[in-house]
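# Sequence first, then the predicted structure, then my questions.
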Amino acid sequence: MSSVTEPKAPATNRIGLTIKEYGGLKSTLCVGCGHDVITKQITQAFYDMGIEPHRVAKLSGIGCSSKTTAYFVERGHGFNAVHGRMPAVGSGVMLANRSLISIGVSGDGDTASIGAGQFVHLLRRNIPMIYVVENNGVYGLTKGQFSATADLGSKLKNGVINDLPAIDLCGLAIELGCSFVARSFSGDMKQLVALLKAAIAHRGTSLLDVISPCVTFNNHEGSTKSYKWSKDHEEPIQEIGFVPYFEDVTIEQKPGEVQDVQMHDGSKLRLKALRADYDPTDKRKATDLLTEARDKQEFLTGLIYINEKTPDFLTQLHMVDEPLATLPESKTRPPKSALDAIMQELA
Ligand SMILES: Cc1ncc(C[n+]2csc(CCOP(=O)(O)OP(=O)(O)O)c2C)c(N)n1
Ligand code: SF4
């Protein structure tokens, strides 16, 4: 007698969705591009956090990296802005509907060159948004010219040497008051997914500067953004664990070594320091760490700075909790009597 076994039901998250439901279109990027690995981790983070796809707003500018928002959370909202203008669109989205979770994906060219003006204002306003820079040190889509994050002395495939200093996006973000600043590497999947989950729980701008090798134009000897260089030089500053608010998990911890950062929604970011005395809530230490790393040409990854106390832009503006789009006209416009009173005064 043969027995028929039922096919196993696919695994689902806390809201009953499968990981497939957090996917998107098929990628058209080069096989092996770091950006695709980051897409996978973003998909995983939204799935693990059990976020309803319709609450996700995906924003981007122009570049290979900016194409990636089409490759995850297909049922989310999407806006592909012009080159470098995604921060303004993201700010508008969050002002109009604060119940959304915005994720912007950008490139180092899109962010540090053409979009630099918009990027700095996003940071200083602490707009609640996850901002992922897929940093490959080159303009991938336009065939590999150096970007403003390319390290001084690094080489292009054709031998051209970069003689300009790099913009350190994390240093810039800390200086401007960004409340969550992290650096990671597309090849460090465990760290990246934990950082992404913490960024989803954070209320304010979360900058994730992720080294994402461009296998076509910047993955050779002499590049400081290649897979090999990044793997050989990566030094995580802490081991990161993340306990979302809906899980009550206690991880074995030794006092003094582990620091818990309480997120605004009650989740916990659990940091096991690998560098003695490093405190990511100390702005001066974070700045010193980055300066020191730059001087020693070290590639440090992890949560560099966090401040859960700075109010985000919507709180600073005393915005109402309801999405503006759902408010009736009677609440968004002054009544006719108010206009009449003004006209009376001017008469
Ligand atoms: C106003 C404007 N200037 C220039 C371009 C050409 N352009 C398209 S993508 C791009 C660079 C993208 O580089 P990056 O942001 O680093 O992303 P990557 O492709 O490396 O992921 C440039 C210069 C453009 N589309 N619009
Ligand atoms: S050109 Fe570079 S950045 Fe663009 S898809 Fe190919 S590998 Fe990725």
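Received it, and whenever you're ready, just let me know what you need. Ligands and ions are numbered 1, 2, ... in the order given.

# going forward, measure contacts and count neighbours with C-alpha atoms only.
OK.

# What is the burial count for Thr310?
When neighbours are counted by other Cα atoms under 10 Å, Thr310 registers 15.

# Likewise for the one 5 residues further on?
Counted with other Cα under 10 Å, residues neighbouring Thr315 total 16.

# do the same with Asp108
Neighbours of Asp108 using other Cα under 10 Å come to 32.

# pretty sure it contacts Gly137?
Yes. Proximity of Asp108 to Gly137 meets the contact threshold set by Cα atoms under 8 Å, at 6.5 Å.

# and stretch 295-303, how far apart are its ends?
Across its full length, stretch 295-303 reaches 19 Å between end residues, using Cα to Cα, to the nearest Å.

# Overlap of the contact sets of Asp108 and Gly137?
In terms of Cα atoms under 8 Å, 6 or more residues apart in numbering, Asp108 and Gly137 are both contacted by the residues 147-149.

# Around ligand 1, pick out the residues from this protein.
Applying the criterion Cα under 6 Å from any ligand atom, the portion of the chain that neighbours ligand 1 consists of 62-65, 83, 107-110, 136, 138-142.

# of all these, which two lie farthest apart?
Farthest apart among the residues of the chain next to ligand 1 by Cα to Cα are His83 and Asn136. That separation is 16.8 Å.

# longest helix anywhere in this protein?
Across the chain, the longest stretch assigned as helix under DSSP state H is helix 34-49.

# That helix - contacts with which helices or strands?
Contact partners of helix 34-49 among helices and strands, from 3 or more Cα pairs under 8 Å, 6 or more residues apart in numbering; DSSP states H and E: strand 129-135, helix 189-201.

# how about these, which one is nearest Phe79?
Nearest of the helices and strands packed on helix 34-49 to Phe79, taken as Cα to Cα: strand 129-135 at 14.0 Å.

# and the angle from the closest one to helix 189-201?
150 degrees (axes from the mean of the first three to the mean of the last three Cα atoms, to 10 degrees).

# Would you mind pulling the contact partners of strand 129-135?
For strand 129-135, the external contacting residues (Cα under 8 Å, 6+ apart) are 34-35, 38, 65, 90, 94, 101-108, 111, 149, 199-200, 203-213, 225.

# by how many degrees do it and helix 34-49 diverge?
Per the same axes, to 10 degrees, the angle that strand 129-135 makes with helix 34-49 is 150 degrees.

# would you turn the shared contacts of Asp108 and Gly137 into a markdown table with neighbour count, pLDDT and distance to ligand 2?
Rendered in a markdown table, the data for the shared contacts of Asp108 and Gly137 read as follows (neighbours: other Cα atoms under 10 Å; pLDDT from 0 to 100; distance: Cα to the nearest ligand atom, whole Å):
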| residue | neighbour count | pLDDT | distance to ligand 2 |
| --- | --- | --- | --- |
| Ser147 | 24 | 98 | 12 |
| Ala148 | 24 | 98 | 15 |
| Thr149 | 22 | 98 | 14 |
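
# what's the closest of those to Ile237?
Ile237 lies nearest to Thr149 out of those, by Cα to Cα, at 21.1 Å.

# so that closest one sits in a strand?
No. Checked against DSSP: H, G, I helix; E, B strand; the rest coil, Thr149 lies outside a strand; its state is coil.

# Find the nearest non-adjacent residue to it, please.
In space, Thr149 comes closest to Ala166 once its chain neighbours are excluded; the distance is 4.6 Å by Cα to Cα, 6 or more residues apart in numbering.

# Any idea how many residues pack against the one you found?
Using other Cα under 10 Å, the number of residues around Ala166 comes to 17.

# swap in Leu346?
Other residues lying near Leu346 total 7 when counted by other Cα under 10 Å.

# give me every residue that touches it.
When contacts are counted by Cα under 8 Å, 6+ apart, Leu346 is found next to no other residue.

# how far away is it from Ser337?
For Leu346, the distance to Ser337 - Cα to Cα - is 14 Å.

# who has more neighbours, His83 and Asn136?
In this comparison of His83 against Asn136, neighbours counted by other Cα under 10 Å, the higher total goes to Asn136 at 32 against 19.

# related to what we said a few turns ago, okay if I get the helices and strands packed on helix 34-49 as a markdown table plus mean neighbour count?
Output for those, formatted as a markdown table (neighbours: other Cα atoms under 10 Å):
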| stretch | mean neighbour count |
| --- | --- |
| strand 129-135 | 28 |
| helix 189-201 | 23 |
